[in-house]
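In: Task: produce atomic coordinates for the following.
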Amino acid sequence: MDTDGSLAEYDEKREMSGTVTCLSLGEVPPGRVRSSFLAVGCDDSTVRILSLDPDSTLENKSVQALTSAPSALSIMSMVDSTSGGSTLYLHIGLYSGIYLRTVLDEVTGELSDTRTRFLGLKPVKLFSVSVKEQRAVLALSSRPWLGYSDLQTKNFMLTPLDYVPLEWSWNFSSEQCVEGMVGIQGQNLRIFSIEKLDNNLLQETIPLAYTPRHFVRHPEQPLFYVIEADTIYSRFYESQAPSGFQSSY
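Out: Sure thing, here's the model as predicted:
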């Protein structure tokens, strides 16, 4: 986009080191007419930051090697407790089910301070959404996750949602659901909303046959043994934990 608002085509092409698997165009900063950076993910397990400045269009600014090919990218500014303001981040989803968040320097385009989290066995899809009037990232893998800034501490939180696995999702607004989300699960279209951001405790209810009296944790494995005392009886329950490992109650 030119300074006068006209759409212009850039004729030159940039050769990449592999097949492009995902792209993310950064947000347009206040007072500017175009985004500063373009993130490009390739099947050689790399992410590159390219400049969109008219004087250095598609110039390589930085590159980051990954453990797997990237499946999704999202550049967005989020509230940061360290800076006291907002920080530009590049959110990365991998085909291996791993999520990464790295700081993207708004001036140089350098990537730094990368944090990782395993989300599930499926490739990660990323969606920029708005929750409670703040920017958030919705990560979809074996289950949905929400990344947002804590309302009190401003620290970044990545919380699993107690909801069905989704394939796609986006913001949705109507008179009945002002700030909701719409998602696709197989052949089903689902509309839902996130009511609270101040409670990231994921709860799961498991019915018991008798009154529980005591439970102990296995010293080495993520297992719990429950003792039910109505009769001389003990039962072992096993379920899938939110973070992907196996736990028992």
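In: Quick check: closest non-adjacent residue to Ser174.
Out: Gly180 (7.3 Å; CB to CB, 6 or more residues apart in numbering). From N, CA and C alone the C-beta is placed, and that goes for glycine too.
In: Kindly apply the preceding question to Glu106 instead.
Out: Spatial nearest neighbour of Glu106, chain neighbours left out: Leu88 (5.0 Å); criterion: CB to CB, 6+ apart.
In: Bridge partners for the residue positioned nearest the centre of the chain, pull those for me.
Out: Geometric centre of the chain, nearest residue: Ala139, 3.4 Å, by CA atoms, centre = their mean. Note on Ala139: beta-bridge partners by DSSP bridges are Leu126, Trp145.
In: Begin at 721, not 1, for the rest of this chat.
Out: Sure, I'll start numbering at 721, so the last one becomes Ala859.
In: one step back: now do the same contact list for the residue nearest to Glu826.
Out: Going by CB atoms under 8 Å, 6 or more residues apart in numbering, Leu808 touches Gly746, Ile795, Met796, Ser797, Val823, Leu824, Asp825, Glu826.
In: what about it, which helix or strand?
Out: Using DSSP states H and E, Leu808 falls within strand 806-814.
In: Can you give me the buried ones in that strand?
Out: For strand 806-814, the neighbour count (16 or more other CB atoms under 10 Å) marks Thr807, Leu808, Tyr809, Leu810, His811, Ile812, Gly813, Leu814 as buried.
In: tell me the mean pLDDT over it?
Out: Taken as a whole, strand 806-814 carries a mean pLDDT of 94.
In: Give me the spatial nearest neighbour of Val823, chain neighbours excluded.
Out: Val823 sits nearest to Asp833 (CB to CB, 6+ apart), 4.6 Å away.
In: Thought Leu824 was touching the one you found, still the case?
Out: No - counting by CB atoms under 8 Å, Asp833 stays clear of Leu824, with 10.0 Å between them.
In: Mean pLDDT per element in the protein, and the minimum belongs to which helix or strand?
Out: Least confident element among the helices and strands of the chain, by mean pLDDT, DSSP states H and E: strand 966-968 (a mean of 41).
In: Cheers, nothing more for now.
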